[in-house]
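**Q** quick one: sequence and predicted model below, then my questions.
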Amino acid sequence: MCFGTLGEAESFYVQYARVGGFGVRKSSTKYRKGSKEIYRRVIVCAKEGFKDTSQDNNKVRIRNRGHIRVGCKARIKFLKEDGKWKIDDFTEGHVHVLATPRKTHLLRSHREVTCAQKCLIDTFQDANVGPSQTMTILAMDSGGYDRVGCIERDIRNYQGRIHNEIREYDAQMFVDSFKEKAAINPSFYFAYELDEENRLTHCFWADGGARKAYAHFGDVVVFDTTYDTNQYSMIFAPFTGVNHHFQSISLGCGILKDEKIESFIWLFTKWQDAMANCPPNAIITDEDAAMGVAIARTLPQTHHRFCIWHIMKKLPEKVGALASRSEFLVSFKQCIYGSETPEEFEERWDKVINQFNIERNEWLSKQYGNRHKWIPTFLNDIFMAGMRSTQRSESQNSVFDKFLNKKHSLVEFAHHFERALERQRYNELVADHETLHNTPDLVTPYTVEVQMSKMYTKEIFHIFQKEVQACIQYGSMVKMLGPPEVYLVKRLGEANKMREVLYHPSNSNITCTCKKFETEGIPCAHMLVVLRNHFIDELPEYFVLQRWTITAKEKPVFSFNGVELRETQGTHLGIKNIELVRAFSRCLDNAPPEVYEKAKEFIYSLEKEKESRSACGSNDLTRWNAMSIPSTVEVRPPNISHTKGSGKRLKGGQEIAMEEKEKVRRTCSICGNKEKHNKRSCPLLKEM
């Protein structure tokens with residue numbers, strides 16, 4: 001095989017590598033003596049060779065980015081002879097996993113999207129503009145646009161006219177879009193409810209990706225409501241989980257007209273219908289009473305946990321000036337977070353209550369009554385995947401807020417939510433790619449670290465790696481030679497704090513009083529110390545949770561009717577395109593030259609017709625975002641909801657306390673104090 005130029009030869013191998021699923025880089029170049037003419041070029045796989053670790057020992061490690069080189073021998077050598085570039089040597093075999101077509105663009109040598117292209121694409125997507133509308137807007141000015149701001153202005157004007165036309169059809173188009181998705185992909189689930197006037201009140205939906213993610217990572221769910229995501233002030237209620245990269249993932253979502261018990265019961269019921277009626281092991285919410293009742297009725301087997309962050313945030317408001325005393329805050333937080341057993345918590349709680357004379361505080365009494373739902377020491381036997389608050393859901397809502405706002409109609413809301421979901425899943429795709437193609441750097445000589453670097457995902461391995469490093473600083477001594485054997489593990493040089501580790505020699509089962517493995521699913525340093533003392537080099541299978549491993553999503557998931565749940569849905573237009581391409585390919589297979597020429601002319605004529613239609617810019621207001629406006633309306637738009645999250649923002653107790661503290665108090669001219677009075681209302685006047 002010969003090439004006219006070196007550029008053509010290199011482009012050929014890059015394209016071959018893209019199809020093959022591996023990255024490439026230039027290795028060596030040879031020049032002719034006395035000139036700058038290149039006569040040999042070697043291109044190798046990006047994973048060729050090994051990382052130079054000779055200088056790593058003297059460096060302070062800031063980021064553990066890992067390395068990609070694993071000694072792959074794949075390569076190609078081009079040699080210039082008689083003015084042509086020929087393949088002189090070719091090695092095909094690889095010693096590593098190849099990238100799938102969905103991840104090929106993440107390889108360094110195949111990244112081609114420029115910043116200008118990305119900026120222009122994002123501009124149109126943020127404005128909810130489809131391809132036809134994009135061509136229409138760009139055709140408005142024959143001279144073109146010099147600034148993106150001009151494009152955004154015309155987009156807003158165009159969409160404003162569209163919104164006025166579809167206002168009465170909004171809810172119907174919203175429901176129709178879900179019906180179309182369900183028709184295309186049977187794994188898409190949705191349900192909705194209407195009131196007596198046929199106005200939309202509730203809606204829930206979950207695509208195949210969310211349902212599949214729930215099957216793998218639905219053991220712990222965070223549920224929290226958010227507001228101002230649509231022009232009807234309907235409540236946005238997403239279900240959030242955590243995947244094997246410790247990233248937030250969507251497990252379905254809904255919109256509600258209010259936050260009553262009946263609304264939450266309807267939502268949880270539909271959610272469980274979509275998830276094959278497999279309730280989660282635990283669910284985290286705030287202290288909303290309606291949520292609590294609905295969870296108790298629909299998920300009786302699920303551990304309901306209150307968000308500890310929300311409760312602690314209310315502390316300054318509920319205890320008043322006492323919250324400004326550092327000794328109280330230190331004692332209270334030590335009681336909440338530092339108690340390792342229920343008995344220790346009870347002792348510390350009584351001490352704090354009595355010391356600061358807050359026995360009559362109703363809020364604290366209520367929280368004490370609910371201690372089994374939010375105090376960590378009462379929940380350390382429940383797997384929580386490293387979560388104990390709704391902050392993960394709130395951070396996820398902040399991501400959705402970048403795509404959603406209170407001016408969106410329902411169809412816009414659905415469109416932008418889909419974009420946010422795509423962004424979320426793209427981040428997961430990137431994390432999958434980095435885990436498979438980046439080998440983490442090791443910091444200890446222990447075999448268990450090597451073992452788990454090949455099994456855990458990148459993020460989880462870094463958490464485990466810290467435990468491996470920590471176990472070097474621990475020692476142990478035998479307390480009882482059972483079985484089970486009991487060990488006291490402590491940090492070297494510290495005699496105050498010890499952990500009890502129970503070890504069963506028959507099956508290598510270990511439990512520790514710190515309960516890290518029970519709550520997070522990752523072995524603690526105390527367990528690793530005991531395993532090391534017993535010369536067990538590899539972590540027993542019992543301690544490797546599948547949900548944290550690289551292969552966590554490999555098992556296929558099927559719905560109740562036997563349909564395999566898939567992450568990607570595909571579009572109706574895409575399916576039609578695939579069918580046409582297959583039919584066209586069958587038609588041209590072994591066809592005579594005249595048939596091929598006719599097909600070629602037909603394709604060219606279609607391209608010219610498409611260009612002419614796009615240039616004319618059909619300004620049809622009977623269509624919006626490739627959706628036809630329905631001729632009849634069965635689902636009417638919802639009424640504007642009036643919920644606790646709408647209207648003026650409610651200030652938290654800590655914010656109010658800080659504002660009060662910052663206020664400048666006037667000094668009373670009689671008593672000289674900066675209290676909430678003046679010389680006319682001073683208490684000393686009564687004594688005079």
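**A** Alright, I've got the coordinates. Numbering: from 1, shown residues only.

**Q** wait, a strand at Ser250?
**A** Yes: assessed with DSSP: H, G, I helix; E, B strand; the rest coil, Ser250 lies in a strand.

**Q** contacts only, for it.
**A** 210, 213, 238-241, 396, 421, 424 (CB atoms under 8 Å, 6 or more residues apart in numbering). The C-beta positions use only the backbone N, C-alpha and C, and glycine is treated the same way.

**Q** need those in CSV (columns: secondary structure and pLDDT).
**A** Below are the contacts of Ser250 laid out as CSV (DSSP: H, G, I helix; E, B strand; the rest coil; pLDDT from 0 to 100):
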residue, secondary structure, pLDDT
Ala210, helix, 94
Ala213, helix, 94
Pro238, strand, 92
Phe239, strand, 94
Thr240, strand, 92
Gly241, strand, 93
Gln396, helix, 69
Leu421, helix, 89
Gln424, helix, 89
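
**Q** show me which of those residues is closest to Val530.
**A** Checking the contacts of Ser250 against Val530 by CB to CB gives Gly241 as the nearest, at 32.1 Å.

**Q** any idea how many residues pack against that closest one?
**A** 26 (other CB atoms under 10 Å).

**Q** give me the residue at the spatial middle of this protein.
**A** For the chain, the residue lying nearest the average C-alpha position, counting by CA atoms, centre = their mean, turns out to be Ser248 (3.0 Å).

**Q** who's that one bridged to?
**A** On the basis of DSSP bridges, Ser248 is bridged to Val242.

**Q** from Phe306, how far out is it?
**A** 20 Å (CB to CB, to the nearest Å).

**Q** now do the buried residues in the strand or helix carrying Arg423.
**A** Following DSSP states H and E, one finds Arg423 within helix 410-437. By neighbour count on 16 or more other CB atoms under 10 Å, the buried set for helix 410-437 is 410-417, 419-421, 424-425, 427-429, 431-437.

**Q** list phi and psi for Phe204.
**A** Note on Phe204: backbone dihedrals following degrees, to the nearest 10 are phi -130, psi 140.

**Q** tell me the contacts of it?
**A** Contacts of Phe204 (CB under 8 Å, 6+ apart): 190-192, 252-254, 267, 270-271, 274.

**Q** and those residues, which is closest to Val595?
**A** Among the contacts of Phe204, and counting by CB to CB, the member closest to Val595 is Phe190, at 45.0 Å.

**Q** before we move on, the earlier item: turn the contacts of Ser250 into TSV, including distance to Gly23.
**A** Shown next, in TSV, are the contacts of Ser250 (distance: CB to CB, whole Å):
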residue	distance to Gly23
Ala210	32
Ala213	28
Pro238	36
Phe239	37
Thr240	34
Gly241	32
Gln396	32
Leu421	28
Gln424	25
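
**Q** let me know the closest of those residues to Val563.
**A** For the contacts of Ser250, with Val563 as the reference and CB to CB as the criterion, the closest is Ala210, at 14.4 Å.

**Q** against Leu107, how distant is the closest one?
**A** Distance from Ala210 to Leu107, by CB to CB: 28 Å.

**Q** of those two, who's got more company?
**A** For the pair Ala210 and Leu107, the greater number of neighbours falls to Ala210 (27 against 19), based on other CB under 10 Å.

**Q** isn't that one right up against Leu251?
**A** Yes: counting by CB atoms under 8 Å, Leu251 is a contact partner of Ala210 at 5.5 Å.

**Q** who are the neighbours in contact with Phe378?
**A** Residues near Phe378 by CB under 8 Å, 6+ apart: 342, 345, 371-372.

**Q** per-residue pLDDT, it?
**A** On pLDDT, Phe378 comes in at 93.

**Q** quick one, phi psi at it?
**A** Torsion angles, degrees, to the nearest 10, at Phe378: phi -90, psi -10.

**Q** please apply the same query to Arg297.
**A** phi -80, psi -40.

**Q** burial of it, as a residue count?
**A** Counted with other CB under 10 Å, residues neighbouring Arg297 total 13.

**Q** so what's it up against?
**A** By CB under 8 Å, 6+ apart, the contact set of Arg297 is Ile265.

**Q** contacts only, for Phe246.
**A** Neighbours of Phe246 in contact, by CB under 8 Å, 6+ apart: 386, 459-460, 463.

**Q** which non-adjacent residue is nearest Glu197?
**A** Arg636 (6.5 Å; CB to CB, 6 or more residues apart in numbering).

**Q** gap between that neighbour and Glu259?
**A** Between Arg636 and Glu259 the computed distance is 22 Å (CB to CB).

**Q** I'd say Glu168 and Pro637 touch.
**A** Yes: with contacts counted by CB under 8 Å, Glu168 reaches Pro637, the gap being 6.9 Å.

**Q** could you check which of these two has the larger neighbour count?
**A** Between Glu168 and Pro637, counted using other CB under 10 Å, the more crowded position is Pro637 (20 against 12).

**Q** show me what Phe90 is bridged to.
**A** Beta-bridge partners, per DSSP bridges, of Phe90: Ile76.

**Q** and for it, the neighbour number?
**A** Phe90: 12 neighbours (other CB under 10 Å).

**Q** residues touching it, list them.
**A** 75-77.

**Q** closest to Met498 out of those residues?
**A** Of the contacts of Phe90, the one sitting nearest to Met498 (CB to CB) turns out to be Arg75, at 56.3 Å.

**Q** bridging residues for the nearest residue to the closest one once chain neighbours are set aside?
**A** In space, Arg75 comes closest to Val44 once its chain neighbours are excluded; the distance is 4.4 Å by CB to CB, 6+ apart. Under DSSP bridges, the beta-bridge partners of Val44 are Arg25, Arg75.

**Q** count of neighbours near Val44?
**A** Neighbour tally, Val44, other CB under 10 Å: 19.

**Q** look up how far Glu594 lies from the closest residue to Lys402 other than its chain neighbours.
**A** With sequence-adjacent residues excluded and distances taken as CB to CB, 6+ apart, Lys402 is closest to Ala420, at 7.3 Å. Distance, Ala420 to Glu594, by CB to CB: 51 Å.

**Q** good, wrapping up.
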